[in-house]
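J.: need coordinates for the following:
(chains A, B, C and D)
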2 protein chains.
Amino acid sequence: MNVNAKLFMALSNQTRLNILQWLKDPEKEITSVSSEEVRYMMKEKGGICVADIAENAGLAQSTISKYLSDLHNCGLLISERHGKWTYYRRNEENIQELSKYIAKEL
Amino acid sequence: MNVNAKLFMALSNQTRLNILQWLKDPEKEITSVSSEEVRYMMKEKGGICVADIAENAGLAQSTISKYLSDLHNCGLLISERHGKWTYYRRNEENIQELSKYIAKEL
DNA sequence: TTGACATTTCGATGATTCGCGATACGATGA
DNA sequence: TCATCGTATCGCGAATCATCGAAATGTCAA
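T.: Numbers count the residues shown, from 1 in each chain, chains lettered A, B, ... in the order given. Just a heads-up that it's a prediction; the model follows:
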């Protein structure tokens, strides 16, 4: 992962921070769909889809699509497309790498 | 330290990231004054003064003063005033705290 | 091929940030 | 007290970001 100003920019918005938080425990935090559905998406599709995250955030779907794309571009999220849907989940490896970078290189 | 969007905003600018880097090894990185002077400032004054960092950055004094204030306000730098001068150094404790926050809470 | 649907991209507008020069503040020394 | 010097703050125009709705793209199913 490339740790740079752009990455920190992605983290400098409360909604994008919220998204990262929600995806830590989506079954609990994504309340716009049932936890069964959330569990299914996470296990079978590898993440939560854009519309559900947008619903949770209360912002326009196009805004959230952009945010998710930003978080994906800087390596903080992994995206997986299944048919019409794009599912996003955390990139735990890169988050740990970021932590180590800050401890040693920042 | 309070880890929030404002903190990441402070890190989302290349010059501010550079400043943090320079203050890791100022004797080597602050080239606008002699290394003797840098050593003296670090040891006796507890940091590097605004003008020298501005010189190093090649940006206006007012710009760098603001950047240093931002980095100080979010806990990444410590400032110490001696007479007319304000000296800034890294807040290593908070930087490690930030690293741990990212590893566990982000 | 067409229709429907999820997502992405585009264009617009208001808000925020960047970086500057000018100015105000605070400390020193004559 | 006053002049000077380092720093902090203010106000500005330019650039970037936030957010929306509309339009374009991609995918499935009929």
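J.: so which residues of chain A form strands?
T.: If you assign secondary structure with DSSP state E, the strands in chain A sit at A:48-49, A:77-82, A:85-90.
J.: show me what from chain A comes close to DNA strand C.
T.: Listed as neighbours of DNA strand C in chain A under the rule C-beta under 7 Å from any atom of the strand: A:49-51, A:61-62, A:65-66, A:68-69, A:79, A:84-86. Using the backbone N, CA and C atoms, a C-beta is placed for each residue, glycine as well.
J.: any idea what residue A:81 is bridged to?
T.: Using DSSP bridges, the bridge partners assigned to residue A:81 are residue A:86.
J.: hey, where'd the helices end up in chain A?
T.: Assigned by DSSP state H, the helices in chain A fall at A:5-10, A:14-22, A:26-29, A:35-40, A:50-57, A:61-73, A:92-104.
J.: residues contacting the last one, please?
T.: Translated: helix A:92-104. Counting by C-beta atoms under 8 Å, 6 or more residues apart in numbering or on different chains, helix A:92-104 makes contact with A:1, A:3, A:7, A:75-76, B:95-96, B:98-100, B:102-103, B:106, all of which sit outside it.
J.: hmm, try it at 10 Å
T.: Under the criterion C-beta atoms under 10 Å, 6 or more residues apart in numbering or on different chains, residues A:1-3, A:7-8, A:11, A:20, A:24, A:74-78, A:91, A:106, B:11, B:95-104, B:106 lie in contact with helix A:92-104.
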